[in-house]
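1. no sequence for this one, just the structure:
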C-alpha cells in the first residue's frame, strides 16, 4: 500500500514542534521531512536535524532545478521541502510527515490531492502572545518581531478551512493524543481492514477533529483574533 502524506501547519508559537516530536516518538513507520532554509541556525539547532541550512544562492539553484515539492519565502528567508523525501517515501511505502506553512501546504495539496492536512491553532491570541514572549526571552527577539508574528498568525489562521483536520493546542497531552489518533485513523481507513477494539476509539477521536466537526472549538480562537467566521471550502 502506498504511504500516506501528512501535512501539518500552525502559526509560530502554537506548539507544533512539540506535537511533531511526540508524534514521531509514539508512532512508528512515519518518516519526517527536514526542510531546507536560508535562515541562520538558532540556539542549539543543527544542520540536518531541525533544518538543512543553505545559502540563498544554493536554495535558488535548487528552485531552478525543480528540486522542491514546495517552497516559500517567509520573513525574508526561503523554506522548502525537497522532492527527494517524497520520492523516497513512495518507494519504501512509508508514511511521510511535512511540517510546512500555509503557502507550502497549498502547493503540496495541488500536487498530492489525497494528502492528509492538519492545522494546529493556539487556544486564543493572549495565550499565543504569552508563549511567543516566553520564547523570545531565550531567543532575544525584539518586541516588534513578536507583534509581526502575531499578525502573521492571524493571517495563517484564516486559512484553516483549507485543512482536513483542526487541532486546538490548549492542553498538550490532549492535543498529542488527537494528533496520534488522526494519523492512525487514516492508516486504518486506507487499509480497508475491519475496525475492531481500540481502533473504534481512535476513529471517534479523529472524527471530532474533522473540519466539519470543529466549529465549536474553532470559534473562540477566531473571536480572540477578531476574525469573521470563514466558510470552509472543502466541505
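-> In hand now; what should we look at? Note that this is a predicted model, so its numbers are computed, not measured. Residues are numbered from 1 along each chain as shown.
2. if I look at the closest residue to residue 149 other than its chain neighbours, how far off is residue 35?
-> Distances taken as C-beta to C-beta, 6 or more residues apart in numbering put residue 12 closest to residue 149, at 5.0 Å, once the chain neighbours are dropped. C-beta coordinates here come from the backbone N, C-alpha and C atoms, glycine included. According to C-beta to C-beta, to the nearest Å, residue 12 and residue 35 sit 14 Å apart.
3. Touching, the residue nearest to residue 149 and residue 148? I think so.
-> No: assessed by C-beta atoms under 8 Å, residue 12 is found out of contact with residue 148, at 9.8 Å.
4. Between those two, which has more neighbouring residues?
-> Under the neighbour definition other C-beta atoms under 10 Å, residue 12 and residue 148 were set side by side, and residue 12 has more, 21 against 14.
5. List the residues that contact that one.
-> Taking C-beta atoms under 8 Å, 6 or more residues apart in numbering, we find residue 12 in contact with 132, 149, 152, 153.
6. Please apply the same query to residue 18.
-> residue 172.
7. Look at the closest residue to residue 142 other than its chain neighbours and give its secondary structure.
-> Closest residue to residue 142 apart from its sequence neighbours, by C-beta to C-beta, 6+ apart: residue 136 at 8.0 Å. When classified by DSSP: H, G, I helix; E, B strand; the rest coil, residue 136 comes out as helix.
8. Look up how far residue 122 lies from residue 136.
-> For residue 136, the distance to residue 122 - C-beta to C-beta - is 15 Å.
9. Looking at the two, which is more packed in?
-> residue 122 (26 against 16).
10. doesn't residue 153 make contact with the more buried one?
-> Yes: under the criterion of C-beta under 8 Å, residue 122 makes contact with residue 153 at 7.4 Å.
11. which neighbours do the two share?
-> Shared contacts of residue 122 and residue 153, counting by C-beta under 8 Å, 6+ apart, come down to 11, 13, 14, 128.
12. which of the residues you listed lies closest to residue 176?
-> residue 14 (13.3 Å; C-beta to C-beta).
13. what about whichever helix in the chain runs longest, distance to the chain center?
-> Longest helix in the chain, counting residues (DSSP state H): helix 172-191. The chain centroid and the centroid of helix 172-191 are separated by 14 Å under C-alpha atoms, centre = their mean, to the nearest Å.
14. Could I get the buried residue list for that helix?
-> For helix 172-191, the neighbour count (16 or more other C-beta atoms under 10 Å) marks 175-176, 178-188 as buried.
15. now do stretch 101-119
-> Across stretch 101-119, burial judged by 16+ other C-beta under 10 Å covers 101-109, 112, 115-119.
16. who does the helix or strand of the chain with the lowest mean pLDDT touch, helix- and strand-wise?
-> Ranked by mean pLDDT, DSSP states H and E, the helix or strand of the chain with the weakest confidence is helix 125-139, at a mean of 85. Counting contacts by 3 or more C-beta pairs under 8 Å, 6 or more residues apart in numbering; DSSP states H and E, helix 125-139 packs against helix 143-157.
17. what does the helix or strand following the helix it packs on contact?
-> Downstream of helix 143-157, the next assigned helix or strand under DSSP states H and E is strand 165-168. Here strand 165-168 makes contact (C-beta under 8 Å, 6+ apart) with 19, 116-123, 160, 175, 178-179, 182, 206, 209-211, 214, 217-218, 221.
18. How far off centre is strand 165-168?
-> Worked out by C-alpha atoms, centre = their mean, strand 165-168 lies 10 Å from the chain centre.
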